[in-house]
Structures are given as C-alpha cells and as structure tokens.
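A.B. asks: need a structure here:
(2 chains)
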Amino acid sequence: MWEYTDKVTDHFRNPRNVGAVEHPDGDGLAGSLACGDALRLTFRLDAEGRIAEAKFQTFGCASAIASSSALTEMLIGKTIEEAERITNADIIAYLGELPKQKVHCSVMGREALEAAIYNYRTGKTLDRKLDGEVVCHCFGATDKEIERIAREQKLVSAEAVTHACKAGGGCGQCIPEIEAIIGRILAEARPAAETKPRLTQLQKIRMIEETIDREVRPILRRDGGDLELHDVDGDHVVVKFVGACTSCPVSSVTLKDVVETQLREAVSADLVVEAV
Amino acid sequence: MDSTVYVDNNATTAVAPEVVEAMLPFFHEHWGNPSSMHAFGGNVKRHIDDARDKVAALLGAAHPSEIIFTSCGSESNNMAIRGTVDAMGGHPHVITTRVEHAAVLGPCHHLEDRGYRLTTLEVDGRGGLDLDKVREASASGKKTVASVMWANNETGVIFPVETVGGLVKEGGGLFHTDAVQVAGKLPIAVQGMPVDLLSISGHKLHAPKGVGALYVRRGTKITPHILGGHQERGRRAGTENVPYIVGLGKACELAMRRMETDAANERRLRDRLEAGILATCKGARVNGDSANRLPNTSNISFEFVEGEAILLMLDDVGICASTGSACASGSLEPSHVLRAMDVPRSMIHGSIRFSLGRYNTDKDVDYVLEQMPRIIDRLRELSPFV
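C.D. replies: Numbering: from 1, shown residues only, chains lettered A, B, ... in the order given. Sure thing, here's the model as predicted:
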C-alpha cells in the first residue's frame, strides 16, 4: 500500500471541481486509457482574464485524481501567464508529497495544463505524441518528450525519467536509449562548467559542500549510503563514506563516477577526489 | 459497518482458531529441539512426523518422507526448480508459462540469464494452455524441467496439470506444479499423477505465514539449497520451525475434513457476488475461463475506472480485495497474467480480484454488492472516457 499524505487522501476522497466546464476557453487532455491514467482539464476565464472556473475528469489511481483536483484549485483566480508557470513540482508541493513512483501523476497535470493553454491560444488540440521519434513503445514516449522532461526536472538517471513520465517502465528495452538522451544533456552542461571564474578556497569549499548535498547524497542515500566532506586542500578533496557505502564493493567506482564527476562539473574540472 | 469484509483469500487467509490452538503448546511447553538426544527435545520430533503425515494425506502422497517442510510457497518453488535443474546437470531445458507466480518466473529467468534454454508457454484469451505447444516443448530431445501451475492466483483458471505432466513425462522430463492456490480448495492425489514435485504454502489454507511444503516424489534427485544439517533428510538444513510445521499439519487436517463444504460454500458465494456485480455495475466483465476456475476466485474488470482507486474506496468502507492495476504495484506494468491473456490494457488497469474463503458469509457478499455499484459510479463520474 502506498503512503499518501493526508492532503492526497483528502483530494482523492473529496475531489474538488469534478466535471467539464461548459463552453470552456481552454480544453486539454493528457495520458491515455492504455497508459492507465488520463486527465481532461477545462477552464473558463472571467472578464479580467483570470481563470474563473477549472474542472477535471480523471481516469487513474488515487494520486492521479488528487493531483488533478489540486491543479484545479491552484488554477482558479490565476491569469494564463501565472497558470503557465505552475510546474509538476508545484502540484507535488501543494499536496505535500507524492511517492516517487507516482510523480508522473503530477507531470500529467502539468501536461494537461499545457494542452489546455495551447487549446486556449490556438483553438487546436495539442498532439505531443507526433513530436519526435517514439523511444518507449510501452508508453508512447518520444525522444523529444523525454528530453524535455529530463531538462525541465533536471533528471540524471533513467529511473528518474521513468518515475516522471513512465518511459522505460514497461518492458525496459528502451532504457539504454533513455540513458543516451540523459548522457547527451549532461555532456552539454560540461563545457560551460570549464569557463567558471576562479574561486577562492572558501568559495570552493562552500560549493563542494552544496554540490555534495544537492547532487551526490540523494544518489547515495537511495542505496542506504552517504558521505561526509572530510577536507579540501587546494584541488584535493577528501571525503568519507558512511552507511552502506562503507561496505560497498563498488564504492571506489561511485567515488570517481558519481562524486568526482559531479564535483568537477559543478565546481572545478581540476578537482581530484579521494576517500579516507 | 464496523468490521472488515475480507475477500482477498488468494493473498492470504486468516489462521484458523484450531490451528492457533494446536501451535501454542509448541511455544511455551514443548519448545525443545527435535534433534536433541534428551527426551524433552526428542519428543517434539513425533509432532513433526505427525504433521508430515497430515500434509502427505492432504496431497495424497505415497510416503510422508516425500514431504519437505519449507518456509513458504516461494521457497518451495525455488527449491523445486533450482534444485532439480542443478541435480540433473548438463543444462536442462526449462519450460514454464507466462502466467506463473513470480516465485516460479524468478528462478526460471535467473536460469535463463545463466545460459539455460527457457521456453515460456503462452496462454489464450481465457487463460488456457495450448497442449500441442506443451508437447512440442517437452519433446525437444533434451533433459527437461517443466514448472506449470495448477491454478492461477489472479484469475483462478485451472490448468490440466494431469495432461500437461503426462506430456512432460512422455518427453522424459521432470514435472513440477505450483499448487499453492489449489491445496485445500480442490482434491489432490499426487501419487497417481504424473507429477514429480508440488509446492504448497501454509498461509493460503489457514495456517500462518512462514511455513510451506514441497512434495518430492521418491527417487527424484534434488540438490538442497540450504546446507549444513541433517534435517528434512538432509534436503533442507536448519532447525525445524516446529510450531508452524505443527500448524501446517493441523491446517491440512482441517482442509481434508472441510474441503467439500468450504469449496461448495465459496463457490455459491462467489457466483452470487459475481452475478450481482455483473448485473449492477456497468462495463464489467469476468477475466479468465469462468467454467474452469477455482471455486473461490473472481477476477472482474471495470471499464474506464482504475483499480487502485477502486481498492482504496473499497478500503474506506472496510472491504479488502486486490487489483491487477499497475498503479497498485511498485512497477508501472499492469498484471502479467492479464497481459498474457491479451486483456486490453484499459481493462487490466480496472481489474479487481475477489477471492472468497472459509469464513465468508452471505452478509459479506450482500455488503460488497451494496457498495460496489456506488464506488464504480462515483469513479465513472470522475472519468473523462464515459
């Protein structure tokens, strides 16, 4: 059984704004029956251009229904420009939290919103599926779609892509292709890092700490591990593995492939990382 | 409704009060080690023997020594497949079906990853096997280990294991059947069947979780997976889980005595429940061959609504059932059993399994029938596809 927050449960049991707005200004659909969840979002603007009414119809699990209900609540009273800035992370924040396997429910909300705004502006139906080559045949996700989601949400693994948009979560055959897309995005980020201004030692240490907290620890913690920054001497960074990492036979690989790669990318390409 | 209506007996069953009572003395009175030389411990051994007799009787085994106690049905399945493949040597051909329990598919795929040839047999739209394909696979001219379940846990569909086993034996192979869902529901007479190994699990027939058994026909070579002790005639080391083994014995004894009455009651309730749901809920259809099913199982798909949402709404009113929807599992893939049967994905996402048990009553069925149409209507109101 999933651990849902009280707010998710509340929005599932007592969904707000169910149905379809009559004569809507915007009407968008995301997802499909085959994928197991789908959301139709409709809205109507008032005389001042603010969303006066927003309604949803959702086929899906509890978190899909709750995400849709939350989205409609968030939309009411906003202008189109304000509405456009709502991300899937905002939907999750509104609900408190979603299990990571359910993040795609919030992404579906964001996609239905995009489709509805597109419909409002053009009078047409957004057909995202035609954009790009299909990579994941199980869930009909294209390369462009995966790339867009990976960029927007700064995803660094195929698993994170699966949680965000389901791609790769079926037969798994396309996982190498998804990894290649992520590899391309990460590779683009690298040259930019090399042109960074020279840092003072204090700035460098702070950035190393921030990068470890933000980029490295979440990866290690997924497997029950962690690390601490032990010392920084010039470009020489010394870290100490804790938790599951201490007994992990591949921690030396993690050190180079994860810790050093992330720190070189974010702080300085000259860094050398070792563990005590 | 202040109590729970439990219609998820294929997931697990309540431990029978008679079983609890039989187990208790083995916690605080007869807690000795059956391997001990002293009488305090040694006397416990005859209770294990007694339980072994009862399990052998339920399965219709020729000798109690053909029963090995394990920790669960999954262990029995793993031991049966990996143990016989290992003992056979020379990379035998492994045969199974697409709709097996994960505890059979897991070891089969593990072997495939290690270079063994694996044939996974397809099923038709009603969940049935093509016997010609079984014959073809079994006659590959190689040593073979085949594992085909007796009845499916999700749909209740029964495979003709007597015929399947016969074809495997004709081809010279060994035949294992996962009978976890069958024990206590259908009569088993393994001695006269072309079956070399058969798995059961305690908690599916009113014994506790944490105990199972594997039937191994006399003369069948099997490599133990736990080494370092003489227990279970050296085929599974480790001090016996005495209270649970006693509990399994008692549960098998009860099942022998009650099977006919229980099965008739479950069938009557299941049929009432199913007919009631089909009559009151729009867009509902039964998955699997309904004429050839376990008496207690009904797997129903509801069009345009999603299973996890149905389950949570059932849970809110105290009803326990299961779903084949992807959203309720950790993965994104819906039920592999329903997919193998080519049930449309939209219908798999809306599938609910009801499985009746010994303790269900007409009142339970009335209550589910009262709640279901309201829940399906409510979710349909939310759905964009209606």
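A.B. asks: How about the nearest residue to residue B:108 once chain neighbours are set aside: which residues does it bridge to?
C.D. replies: Ranked by Cβ to Cβ, 6 or more residues apart in numbering or on different chains and with sequence neighbours excluded, the top spatial neighbour of residue B:108 is residue B:96, at 4.9 Å. The C-beta positions use only the backbone N, C-alpha and C, and glycine is treated the same way. Beta-bridge pairing for residue B:96 (DSSP bridges): residue B:120.
A.B. asks: where does residue B:96 land on pLDDT?
C.D. replies: We have a pLDDT of 98 for residue B:96.
A.B. asks: so it makes contact with residue B:118?
C.D. replies: Yes - between residue B:96 and residue B:118 there is a contact under Cβ atoms under 8 Å: 7.2 Å.
A.B. asks: Compare the two and say which one has the larger neighbour count.
C.D. replies: With neighbours defined as other Cβ atoms under 10 Å in any protein chain shown, residue B:96 and residue B:118 compare such that residue B:96 has more, 26 against 15.
A.B. asks: which residues sit in contact with whichever residue of the stretch 151-300 of chain B sits closest to chain A?
C.D. replies: Taking Cβ to the nearest Cβ as the measure, the point where the stretch 151-300 of chain B comes nearest chain A is residue B:283, at 12.2 Å. Going by Cβ atoms under 8 Å, 6 or more residues apart in numbering or on different chains, residue B:283 touches B:302, B:303, B:304.
A.B. asks: and these near chain A, which?
C.D. replies: Filtering the contacts of residue B:283 for neighbours of chain A using Cβ under 8 Å from any Cβ of the partner chain leaves residue B:304.
A.B. asks: among the contacts of residue B:283, which are in strands?
C.D. replies: If you go by DSSP state E, the contacts of residue B:283 have residue B:302 in strands.
A.B. asks: and of the contacts of residue B:283, the nearest to residue B:343?
C.D. replies: For the contacts of residue B:283, the closest approach to residue B:343 (Cβ to Cβ) belongs to residue B:303, at 11.4 Å.
A.B. asks: which regions of the stretch 151-276 of chain A sit below the pLDDT cut-off?
C.D. replies: Along the stretch 151-276 of chain A, segments meeting pLDDT under 70 span A:191-197, A:249.
A.B. asks: Show me where the chain has its helices.
C.D. replies: As the question left the chain open, I've gone with chain A. A:6-13, A:62-75, A:80-84, A:88-95, A:103-122, A:143-152, A:158-165, A:175-194, A:201-211, A:217-222, A:251-254, A:261-266 (DSSP state H).
A.B. asks: meant chain B, my bad for not saying
C.D. replies: B:17-23, B:25-28, B:39-59, B:73-88, B:102-113, B:131-138, B:161-170, B:242-280, B:307-316, B:336-340, B:345-349, B:362-382.
A.B. asks: Compile the ones you listed into CSV and extend it with columns for mean pLDDT and distance to residue A:111.
C.D. replies: What follows is those, written out as CSV (pLDDT from 0 to 100; distance: least, Cβ to Cβ, whole Å):
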stretch, mean pLDDT, distance to residue A:111
helix B:17-23, 98, 52
helix B:25-28, 96, 56
helix B:39-59, 97, 54
helix B:73-88, 98, 39
helix B:102-113, 97, 32
helix B:131-138, 95, 42
helix B:161-170, 97, 47
helix B:242-280, 98, 34
helix B:307-316, 93, 20
helix B:336-340, 94, 25
helix B:345-349, 84, 18
helix B:362-382, 96, 18
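A.B. asks: For those, could you give me JSON lines that also reports distance to residue A:96 and mean neighbour count?
C.D. replies: Below are the helices of chain B laid out as JSON lines (distance: least, Cβ to Cβ, whole Å; neighbours: other Cβ atoms under 10 Å in any protein chain shown):
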{"stretch": "helix B:17-23", "distance to residue A:96": "41", "mean neighbour count": "17"}
{"stretch": "helix B:25-28", "distance to residue A:96": "43", "mean neighbour count": "13"}
{"stretch": "helix B:39-59", "distance to residue A:96": "49", "mean neighbour count": "18"}
{"stretch": "helix B:73-88", "distance to residue A:96": "36", "mean neighbour count": "23"}
{"stretch": "helix B:102-113", "distance to residue A:96": "32", "mean neighbour count": "18"}
{"stretch": "helix B:131-138", "distance to residue A:96": "51", "mean neighbour count": "18"}
{"stretch": "helix B:161-170", "distance to residue A:96": "50", "mean neighbour count": "20"}
{"stretch": "helix B:242-280", "distance to residue A:96": "35", "mean neighbour count": "20"}
{"stretch": "helix B:307-316", "distance to residue A:96": "17", "mean neighbour count": "22"}
{"stretch": "helix B:336-340", "distance to residue A:96": "33", "mean neighbour count": "21"}
{"stretch": "helix B:345-349", "distance to residue A:96": "25", "mean neighbour count": "24"}
{"stretch": "helix B:362-382", "distance to residue A:96": "21", "mean neighbour count": "18"}
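A.B. asks: Make TSV out of the ones you listed and add distance to residue A:28.
C.D. replies: Below are the helices of chain B laid out as TSV (distance: least, Cβ to Cβ, whole Å):
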stretch	distance to residue A:28
helix B:17-23	56
helix B:25-28	61
helix B:39-59	59
helix B:73-88	45
helix B:102-113	38
helix B:131-138	46
helix B:161-170	51
helix B:242-280	34
helix B:307-316	21
helix B:336-340	29
helix B:345-349	20
helix B:362-382	17
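A.B. asks: Spit out the contact partners of the residue nearest to residue B:108.
C.D. replies: So residue B:96 contacts B:104, B:105, B:108, B:118, B:119, B:120, B:121, B:146, B:147, B:148 (Cβ under 8 Å, 6+ apart).
A.B. asks: tell me which of the contacts of residue B:283 is nearest to chain A?
C.D. replies: Closest to chain A, out of all of the contacts of residue B:283 and judged by Cβ to the nearest Cβ, is residue B:304, at 6.1 Å.
A.B. asks: contacting residues around the closest one?
C.D. replies: Residue B:304 touches A:33, A:59, B:283, B:346, B:350, B:380, B:383, B:385, B:386, counting by Cβ under 8 Å, 6+ apart.
A.B. asks: again, but for residue B:277
C.D. replies: Contacts of residue B:277 by Cβ under 8 Å, 6+ apart are B:284, B:300, B:368, B:369, B:372.
A.B. asks: what's the nearest residue to residue B:12 if we skip its chain neighbours?
C.D. replies: residue B:203 (4.9 Å).
A.B. asks: Apologies, that question was intended for residue B:234.
C.D. replies: Looking at residue B:234 with Cβ to Cβ, 6+ apart, the closest residue is residue B:224, at 6.7 Å.
A.B. asks: Could you verify my assumption that that neighbour touches residue B:235?
C.D. replies: Yes - the pair residue B:224 / residue B:235 is scored as a contact, 5.0 Å apart, by Cβ under 8 Å.
A.B. asks: Quick check: residues of the stretch 51-200 of chain A near chain B?
C.D. replies: A:57-65, A:101-102, A:138-139, A:162, A:166, A:169-170.
A.B. asks: sorry, back to before: least confident of the contacts of residue B:304?
C.D. replies: residue B:386 (72).
A.B. asks: could you measure that one against residue B:255, distance?
C.D. replies: 44 Å (Cβ to Cβ, to the nearest Å).
A.B. asks: same check, this time on residue A:156
C.D. replies: Residue A:156 is 53 Å from residue B:255, by Cβ to Cβ.
A.B. asks: Could you do residue B:24 as well?
C.D. replies: 20 Å.
A.B. asks: One more: residue B:79?
C.D. replies: Taken as Cβ to Cβ, the span from residue B:79 to residue B:255 is 22 Å.
A.B. asks: Grab the nearest non-local neighbour of residue A:211.
C.D. replies: Closest to residue A:211 by Cβ to Cβ, 6+ apart is residue A:266, at 4.2 Å.
A.B. asks: same thing with residue A:173?
C.D. replies: residue A:137 (7.8 Å).
A.B. asks: wait, isn't that neighbour in contact with residue A:174?
C.D. replies: Yes - if you go by Cβ under 8 Å, residue A:137 and residue A:174 touch, sitting 7.2 Å apart.
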